[in-house]
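A.B. asks: the amino acid sequence is not available; the structure is as follows:
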């Protein structure tokens, strides 16, 4: 039997970067802005609740709505003092959302409400459409088309996270089923967006047809696992979220001593 040669051990490669480039600093959420998603089926109240949350986050100032829902948000303008400017869209290339976010930032809007983010996934010219178009470059291979689609999606998400103000995004949801012993079983709902999109947000909530809001995930402790019937978005969601973002961190000396 042919013997393998003994392993050759090499020294650890020397780092190419100066270690001084990687500096640690005290952790802080100073300047952090809210990132919140709200998902639900048609009629669940996500547009109205999203507007109310955006109004609360803006602390009474006018905010921006990126409208893919044929003017649905405009039906609520002025109710409860809510005032916003709207940018209607009927094509949903993720690169266009990036441009609109840049325009909103240049105009100084404290909050942007994307109503809804689902269109930029499966609407005309959305990410799925871009993948379908790109597959022609790869001999009809749709999987290879994701070489073009994934960077577009990632750049769009990065633009949402980089917006200098608060961002609220609604998403349509649908019922998800799995086969269990050959029989379909309902396992809940999921948003019409790329799987895992909710991980990009600080707070993710869902609404049902009874207009009940459930917090699915929250980095804000006061909102963790909350269930609120017919919520007032500004009061029930935006207020505790702003309080958490603006709170000064407790110093170690103020922490209770371990027993």
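C.D. replies: Arrived safely, thanks for sending. This is a predicted model, so every value here is computed, not measured. Numbers count the residues shown, from 1 in each chain.

A.B. asks: residues touching the residue nearest to the spatial centre of the chain, list them.
C.D. replies: Nearest residue to the geometric centre of the chain (Cα atoms, centre = their mean): residue 201, 4.3 Å. Contacts for residue 201 (Cβ atoms under 8 Å, 6 or more residues apart in numbering) come out as 35, 36, 37, 169, 217. To be clear about C-beta, it is placed using only N, CA and C from the backbone, and glycine gets the same treatment.

A.B. asks: out of those, which two sit at the greatest distance?
C.D. replies: Maximum pairwise distance among the contacts of residue 201 (Cβ to Cβ): 14.2 Å, between 169 and 217.

A.B. asks: where do the helices sit along the stretch 151-259 of the chain?
C.D. replies: Along the stretch 151-259 of the chain, counting by DSSP state H, counting those that start in this stretch, helices occupy 239-246.

A.B. asks: how about the strands in it?
C.D. replies: In the stretch 151-259 of the chain, the segments counted as strands under DSSP state E, counting those that start in this stretch are 166-180, 183-191, 203-207, 212-218, 227-229.

A.B. asks: if you compare the ones you listed, which one is most tucked away?
C.D. replies: Across the strands of the stretch 151-259 of the chain, averaging neighbours per residue (mean count of other Cβ atoms under 10 Å) puts strand 203-207 on top, at a mean of 25.

A.B. asks: that one to helix 239-246, inter-axis angle?
C.D. replies: Put simply, strand 203-207 runs at 170 degrees to helix 239-246, going by axes from the mean of the first three to the mean of the last three Cα atoms, to 10 degrees.

A.B. asks: so for strand 203-207, mean pLDDT?
C.D. replies: Strand 203-207 carries an average pLDDT of 97.

A.B. asks: for residue 113, helix, strand, or coil?
C.D. replies: In three-state terms, and counting by DSSP: H, G, I helix; E, B strand; the rest coil, residue 113 is strand.

A.B. asks: quick one: which of the contacts of residue 201 is nearest residue 234?
C.D. replies: Of the contacts of residue 201, the one sitting nearest to residue 234 (Cβ to Cβ) turns out to be residue 36, at 12.5 Å.

A.B. asks: what sits against the closest one?
C.D. replies: Applying Cβ under 8 Å, 6+ apart to residue 36 gives the contacts 53, 166, 167, 168, 169, 201, 202, 203, 204, 205, 237, 241.

A.B. asks: for residue 114, state which of these is nearest.
C.D. replies: In terms of Cβ to Cβ, no member of the contacts of residue 36 lies closer to residue 114 than residue 169, at 4.3 Å.

A.B. asks: is the closest one in contact with residue 38, as I believe?
C.D. replies: Yes - proximity of residue 169 to residue 38 meets the contact threshold set by Cβ atoms under 8 Å, at 7.4 Å.

A.B. asks: any common contacting residues for these two?
C.D. replies: Both residue 169 and residue 38 are in contact with residue 50, where contact means Cβ under 8 Å, 6+ apart.

A.B. asks: re earlier: dump the contacts of residue 201 to CSV, plus distance to residue 146 and pLDDT.
C.D. replies: What follows is the contacts of residue 201, written out as CSV (distance: Cβ to Cβ, whole Å; pLDDT from 0 to 100):
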residue, distance to residue 146, pLDDT
35, 25, 98
36, 28, 98
37, 23, 98
169, 22, 98
217, 26, 96
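
A.B. asks: tally of neighbours for residue 46?
C.D. replies: A count of nearby residues for residue 46, using other Cβ atoms under 10 Å, gives 28.

A.B. asks: isn't it up against residue 52?
C.D. replies: No - using Cβ under 8 Å, residue 46 is not in contact with residue 52, being 10.8 Å away.

A.B. asks: shared neighbours of those two, anything?
C.D. replies: With contacts taken as Cβ under 8 Å, 6+ apart, residue 46 and residue 52 have no neighbour in common.

A.B. asks: of the strands of the stretch 151-259 of the chain, which is nearest residue 249?
C.D. replies: Closest of those to residue 249 is strand 212-218, at 18.0 Å (criterion: Cβ to Cβ).

A.B. asks: the closest one: partners in the sheet, and parallel or antiparallel?
C.D. replies: Applying DSSP bridges, strand 212-218 is found paired with strand 203-207 (antiparallel), strand 227-229 (antiparallel).
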